[in-house]
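1. Starting from these lines, generate the structure:
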Amino acid sequence: MRKKSILILVVIVVIGLLSYLGFNVISKAKEKNKIAKQLEIIPEFEFLTLEQKPFTKANLKPKTNSIFIYFNSECDFCQHEAQSISDNLNSFKNGQFIFVSTEPIATIKKFSEQYNLNNQQNITFLYDSNSTFSSRFDANSIPYLLIYDQNQKLIKKHKGQLNANGILGVLKEND
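-> You can find the predicted model right below:
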């Protein structure tokens, strides 16, 4: 009798555990699909420029490819990526770069100057004061890139470093 009770208890625990795990997997899959759907077109956002002025989706240049880069100035991969973009600026005439970081504005400014990306017509550096970029744009690594076409539709989501040639390749594939 006692063995039967233990067996029933084990079966109930296993079924309960499997149900719980199944629910979690389904919930995470739904959440992932929801986020992917949100990213299909550039989502609404508001960050601050280095002059501490609001910058939103409405400030993006129309009919221009948009490349969002989530970065940290101390990240070696981010530094190499910035250098590669700086070395190939002439190749990005029909693209706008939006660099976003949660670091202090002074640090972001220093980074932009270090790689000669400041004062470029097609490059904007933004300060994410509320740390919302990571959740709104599904960024869970640095560097992290989102490349959108001229109609603000997602072309590529990339975790990790992607040099200028890689970005150009993605843009050319989409033309």
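2. if I look at the residue nearest the centre of the chain, how far off is Lys159?
-> Closest to where the C-alpha atoms of the chain average out (C-alpha atoms, centre = their mean) is Ala139, at 4.2 Å. Distance, Ala139 to Lys159, by C-beta to C-beta, to the nearest Å: 8 Å. Every residue, glycine included, has its C-beta placed from N, CA and C.
3. Which parts of the protein are strands?
-> Ranges of strands within the chain are 46-49, 54-56, 65-70, 95-101, 123-127, 144-148, 154-159, based on DSSP state E.
4. okay, those in a markdown table with distance to Asp76 next?
-> A markdown table is the format used below for the strands of the chain (distance: least, C-beta to C-beta, whole Å):
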| stretch | distance to Asp76 |
| --- | --- |
| strand 46-49 | 24 |
| strand 54-56 | 27 |
| strand 65-70 | 15 |
| strand 95-101 | 15 |
| strand 123-127 | 19 |
| strand 144-148 | 15 |
| strand 154-159 | 15 |
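5. Now tabulate those in a markdown table and tack on mean pLDDT.
-> Output for the strands of the chain, formatted as a markdown table (pLDDT from 0 to 100):
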| stretch | mean pLDDT |
| --- | --- |
| strand 46-49 | 92 |
| strand 54-56 | 93 |
| strand 65-70 | 93 |
| strand 95-101 | 93 |
| strand 123-127 | 94 |
| strand 144-148 | 92 |
| strand 154-159 | 88 |
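6. So for Ser134, which of those strands sits nearest?
-> strand 65-70 (7.2 Å; C-beta to C-beta).
7. what's next to that closest one, contact-wise?
-> Defining contact as C-beta atoms under 8 Å, 6 or more residues apart in numbering, one finds that strand 65-70 is touched by 42, 60, 78, 81, 94-101, 133-134, 137, 139, 142-150, 152, 155, 167, 171, 174.
8. Just the buried ones among these, please.
-> Buried members of the contacts of strand 65-70, scored by 16 or more other C-beta atoms under 10 Å, are 42, 60, 78, 81, 95-101, 133-134, 137, 139, 142-150, 152, 167, 171.
9. quick one: average pLDDT of the top helix by length along the chain?
-> Assignment by DSSP state H gives helix 2-39 as the longest helix of the chain. Predicted confidence along helix 2-39 averages 75 (mean pLDDT).
10. Going by neighbour count, list what's buried in it.
-> Here helix 2-39 shows Leu39 as buried, counting by 16+ other C-beta under 10 Å.
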